[in-house]
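Undergrad: Structure for this input, please:
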Amino acid sequence: MYILFKPIKNLSKKILTVRPKILPTILLMPFLYILGWILANPLLIFGVGKENLSLIGTIFTFLLFVISMPKWFEIRWGINNPWILLGINKIEKKEIRFFYFLKGISCSIILLSLILIPVICNKWGNWLGILSPGILWNALVLIIGIGFAEELIFRGWLLEELRNQYGFKKALIFQAFIFSIAHVGFNIPFWQMISILFGLFLLGILLSLIRIKDNNSLWGCAGLHGGLVGIWFLMNNGLVEISQDAPIWLVGPGNINTNPLGGIYGITLLIILILFNFLRYKNKFFEFNKKNF
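TA: Residues are numbered from 1 along each chain as shown. Modelled structure (predicted):
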């Protein structure tokens, strides 16, 4: 068995330490996505519908990502416990992590409420209050699953990868830019697309600052991210009916479900939150900027 896996181990080490170091960083997620898609395709034989194949492939991709993290950081950076570095398994008690998560969700509720209250008060939307078990379940999956998974990738792995190669300031900008590109749709008018890109970019900055503010814990930004996605999904699927006459500057651009953080109002709220967190916790950000792995 050792003879069988030794060549694979040596090949993995050569690939992960190839120069320039940014190359493995760029190729990891596309490689895992292709591998996840390959692993998902045989499920068609067992009756899994093609419409579910993309989701299953994405789940496989994330599982492969999680499995690969210990060896990734061990081979590339000489770190044996990446979960502490990535803010998942911090030294503090589990109750504190749960507190960070709830605080992030609470922040998302406040942020979305600041958008929805003017919508309803100006009669650009109606409160319906309809919830089905399926919609509620999907929202919970978005809050817990998407929030955690994407924060582990962007504010965890990607931020640390870029920080170790280019420093914190450049890493902060690059990860937010990549995050925005990965989430924007290109089938909308150009200026609407730019508006959403900028809003998502600011969200990526804010989520990074929240992680640092929370003593490098990932749970707070996972709660905020998941809350924004899951709660807005609930609003658009039974709780609130937003009129097509609602201004884009308030509810944000988009085709079917708008992106509230892509409008001028949402962007303004994000800028205020970024400035507030930076000014209040700037000492923590300066300390984090000086730290290495």
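Undergrad: only C-alpha atoms for contact and neighbour calcs from this point on.
TA: Will do.
Undergrad: Okay, now the unreliable bits of the stretch 151-293 of the chain?
TA: Within the stretch 151-293 of the chain, the stretches with pLDDT under 70 are 255-257, 292-293.
Undergrad: 80 instead, please
TA: 185-187, 254-258, 289-293 (pLDDT under 80).
Undergrad: which residues in it form helices?
TA: Under the criterion DSSP state H, counting those that start in this stretch, the stretch 151-293 of the chain contains helices at 159-166, 168-183, 190-213, 219-234, 248-251, 264-280, 282-290.
Undergrad: Out of those helices, which is closest to Ser113?
TA: Nearest to Ser113 among the helices of the stretch 151-293 of the chain is helix 219-234 (10.1 Å), distances taken as C-alpha to C-alpha.
Undergrad: of the helices of the stretch 151-293 of the chain, which approaches Gly147 most closely?
TA: Between Gly147 and the helices of the stretch 151-293 of the chain, the tightest spacing by C-alpha to C-alpha is seen for helix 219-234, at 3.7 Å.
Undergrad: any residues touching that closest one, and which ones?
TA: The contact list for helix 219-234, computed with C-alpha atoms under 8 Å, 6 or more residues apart in numbering, reads 87-88, 97-109, 112, 131, 135-136, 138-148, 150-151, 207-208, 210-211, 214.
Undergrad: what would the helices of the stretch 151-293 of the chain look like in JSON lines with distance to Ile34?
TA: Putting these into JSON lines (distance: least, C-alpha to C-alpha, whole Å) gives the following:
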{"stretch": "helix 159-166", "distance to Ile34": "21"}
{"stretch": "helix 168-183", "distance to Ile34": "16"}
{"stretch": "helix 190-213", "distance to Ile34": "25"}
{"stretch": "helix 219-234", "distance to Ile34": "25"}
{"stretch": "helix 248-251", "distance to Ile34": "35"}
{"stretch": "helix 264-280", "distance to Ile34": "34"}
{"stretch": "helix 282-290", "distance to Ile34": "34"}
